[in-house]
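> fold the following for me, if possible:
(chains A and B)
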2 protein chains.
Amino acid sequence: MPTISTLSKIEGTRAQGANIHFSGSTSSEREAVVQQVQKDTGAILVPPYDHPDIMLGQGTLALEFEDQVAELADAKSASHEHLHLQTNGNANGDRKSKGKLDAVLTPCGGGGMLSGTAIALHGTGTRVFGAEPSFQGADDARRGVAAGQRVTSVKTLTIADGLRTPLGEHTWRVISNPEFVQGLYAVTEENIKDAMKLVLERMKLVVEPSAVVGLAAVLYNEELRGRVQREAGVEGWDVGVVFSGGNTTVEAVAKLFAVREEEGERAGGVVGRGGERVAENVAG
Amino acid sequence: MPTISTLSKIEGTRAQGANIHFSGSTSSEREAVVQQVQKDTGAILVPPYDHPDIMLGQGTLALEFEDQVAELADAKSASHEHLHLQTNGNANGDRKSKGKLDAVLTPCGGGGMLSGTAIALHGTGTRVFGAEPSFQGADDARRGVAAGQRVTSVKTLTIADGLRTPLGEHTWRVISNPEFVQGLYAVTEENIKDAMKLVLERMKLVVEPSAVVGLAAVLYNEELRGRVQREAGVEGWDVGVVFSGGNTTVEAVAKLFAVREEEGERAGGVVGRGGERVAENVAG
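Residues are numbered from 1 along each chain as shown, chains lettered A, B, ... in the order given. This is a model prediction of the structure:
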């Protein structure tokens, strides 16, 4: 694991009984450590994303997603029928209920989950998009596809720390094929924090920054929003957004959102004990 | 609402279309504002906890809890049977699965939820306990029952801000009756933070401090833990713990856990950008 991994991820992995080897944070540094461990111990490498089996395995999430959407549509049409009987159709259920999604967005780092999802949904009529952070060039997939050539090295400290890796050879082959992935959209660090705040406070789900890049793209990426407008008008799309994962700590959340807190205080918002604590910290 | 309510609670209430009147944070200050609003507008008071209808309504959570536990026990016994066939009984399913809980714990502020739960579970064999913060005397129910007299005024700034109110007359009558509530347990602010950290990081659920006092009692209250040991030995109890609610913000989480972060940094743990940010804040 990279030494800069969040402590909860390291501890969580250890709690499963793992013997962890640490490395630097770039893919070349990581690969060097892997090769050394393989040399020392004869271990077999299970790659994190750049292998057909891994891609297909991660893609099974799309099959579960399809099942969930079909179930939801069944429940909705049953409840619509019920409401229709009760209110003579004047109910909030008049929108089409197709039982399938117009689009699915997944986060894209190494690309295993995105390419697997694209393979699983190929030919279903459900569009597949990838979402990436833009900070310090972390949107390597988007840039690579635009340029027609894979970006092989990325060094970024985006808060979406699960998405700091570039695409691999196998994942690139799927993701750069517009038959499989119909678009890649990048979001800012601020977009990610806004989406994360929304998910924590309204959905009551603890997610890490990497988890919410898809939601951030849906909410804030004007290119994607313009595309939906052009292709579907006011009807819009039913979009499935994959959240992955939840490796974060309350301390990491505190670091991410402490600046806002100070801004809130400066702006004369609800004042807490933050200001005093900063002073204590400096004095201490 | 008290002016010191968390911003997310205020905004969430407004988002439902409410016209909010603010008051001080003690119950007498709140009641004075209520009386004024009633006088000005002819409004009818729906009390937050101290009314038989409210208590019974909140107590329906216990009925849902019973249903969920029965379902879980069915699923467990089905899967136990399945495992038994596959592994010849050498599976992690050998414990009794009674389909009902030995005890339920709820948070206790005004006591509506606790008294309603106690009424709903009366005569079922499931014990009912209340959990309270101890900070600045917030454990008024526990102290009142011990002294045989209701504590009618509490002024505490416990982080469990939903539990700052004392018991009402109706809720006192139920909660002080050992036929209904078999014990009250208090937890420290540190206990609450530890339990909250666990729920956020491991259950991935966003909860406010008030939500986790029951879990904190189960994990850290030696009196309760000793009681389970005495009454059930190594077998233990199946305990149901009510989490209520999730009105918090990322900024509030940041305030709660920023001190730990600084401690972590001073102790030479994983170092983030917190230190730099503090410096920027002071400079700016």
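> next structured bit after the helix or strand hosting residue A:56?
In the assignment (DSSP states H and E), residue A:56 maps to helix A:52-87. Note on helix A:52-87: by DSSP H and E, the next helix or strand toward the C-terminus is strand A:103-107.
> so what are the sheet partners of that following strand and their directions?
Each strand paired with strand A:103-107, and its direction, by DSSP bridges: strand A:127-133 (parallel), strand A:239-241 (parallel).
> mean pLDDT and mean neighbour count added to these, as JSON lines?
In short, each C-beta sits where N, CA and C put it, glycine included. Written out in JSON lines, the entries for those read as follows (pLDDT from 0 to 100; neighbours: other Cβ atoms under 10 Å in any protein chain shown):
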{"stretch": "strand A:127-133", "mean pLDDT": "98", "mean neighbour count": "28"}
{"stretch": "strand A:239-241", "mean pLDDT": "97", "mean neighbour count": "22"}
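> tell me the mean pLDDT for the helix holding residue A:56?
What helix A:52-87 shows for mean pLDDT is 84.
> now do the buried residues in it.
A:54, A:55, A:58, A:59, A:61, A:62, A:65, A:66, A:69, A:73, A:80, A:83 (16 or more other Cβ atoms under 10 Å in any protein chain shown).
> same thing with stretch A:207-218?
Judged by neighbour count using 16+ other Cβ under 10 Å, the buried positions of stretch A:207-218 are A:207, A:208, A:209, A:210, A:211, A:212, A:213, A:214, A:215, A:216, A:217, A:218.
> SS state for residue A:47?
Secondary structure assignment for residue A:47 (DSSP: H, G, I helix; E, B strand; the rest coil): coil.
> ok, for it, nearest residue in space, not its chain neighbours?
Using Cβ to Cβ, 6 or more residues apart in numbering or on different chains and skipping the chain neighbours, the partner closest in space to residue A:47 is residue A:54 (6.1 Å).
> and the gap between the one you found and residue A:112?
Taking Cβ to Cβ, to the nearest Å as the measure, residue A:54 falls 5 Å from residue A:112.
> what is in contact with those two at once?
Jointly contacting residue A:54 and residue A:112 under the rule Cβ atoms under 8 Å, 6 or more residues apart in numbering or on different chains are residue A:48.
> in chain A, which spans are helices?
Using DSSP state H, the helices found in chain A span residues A:7-15, A:27-41, A:52-87, A:112-121, A:140-147, A:169-175, A:189-198, A:213-220, A:222-232, A:250-266, A:274-283.
> CA atoms only: put the second one into PDB for me.
This file holds the C-alpha atoms of helix A:27-41, laid out as PDB (Å, rounded to 0.1, in the frame of the first residue of the first chain):
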ATOM      1  CA  SER A  27       2.500   3.400  -9.900                       C
ATOM      2  CA  SER A  28       6.100   2.900 -10.800                       C
ATOM      3  CA  GLU A  29       7.200   3.000  -7.100                       C
ATOM      4  CA  ARG A  30       4.400   0.600  -6.200                       C
ATOM      5  CA  GLU A  31       5.300  -1.800  -9.000                       C
ATOM      6  CA  ALA A  32       9.000  -1.900  -7.900                       C
ATOM      7  CA  VAL A  33       7.900  -2.900  -4.400                       C
ATOM      8  CA  VAL A  34       5.600  -5.600  -5.800                       C
ATOM      9  CA  GLN A  35       8.500  -7.000  -7.900                       C
ATOM     10  CA  GLN A  36      10.800  -7.100  -4.900                       C
ATOM     11  CA  VAL A  37       8.100  -9.000  -2.800                       C
ATOM     12  CA  GLN A  38       7.500 -11.500  -5.600                       C
ATOM     13  CA  LYS A  39      11.300 -12.000  -5.900                       C
ATOM     14  CA  ASP A  40      11.700 -12.500  -2.100                       C
ATOM     15  CA  THR A  41       8.700 -14.700  -1.500                       C
END
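> how much space between residue A:185 and chain B?
As for residue A:185, its distance to chain B is 24 Å (criterion: Cβ to the nearest Cβ, to the nearest Å).
> just give me the neighbour total for that residue.
Neighbourhood size, residue A:185 [other Cβ atoms under 10 Å in any protein chain shown]: 25.
> list the contacts for it?
Taking Cβ under 8 Å, 6+ apart, we find residue A:185 in contact with A:105, A:129, A:130, A:131, A:132, A:142, A:217, A:221, A:223, A:224.
> so how many other residues sit close to the first one?
By other Cβ under 10 Å, the residues close to residue A:105 number 28.
> how near is it to residue A:132?
Using Cβ to Cβ, residue A:105 is found at 11 Å from residue A:132.
> got any ranges where chain A has weak pLDDT?
Low-confidence regions of chain A, defined by pLDDT under 70, span residues A:80-97, A:259-284.
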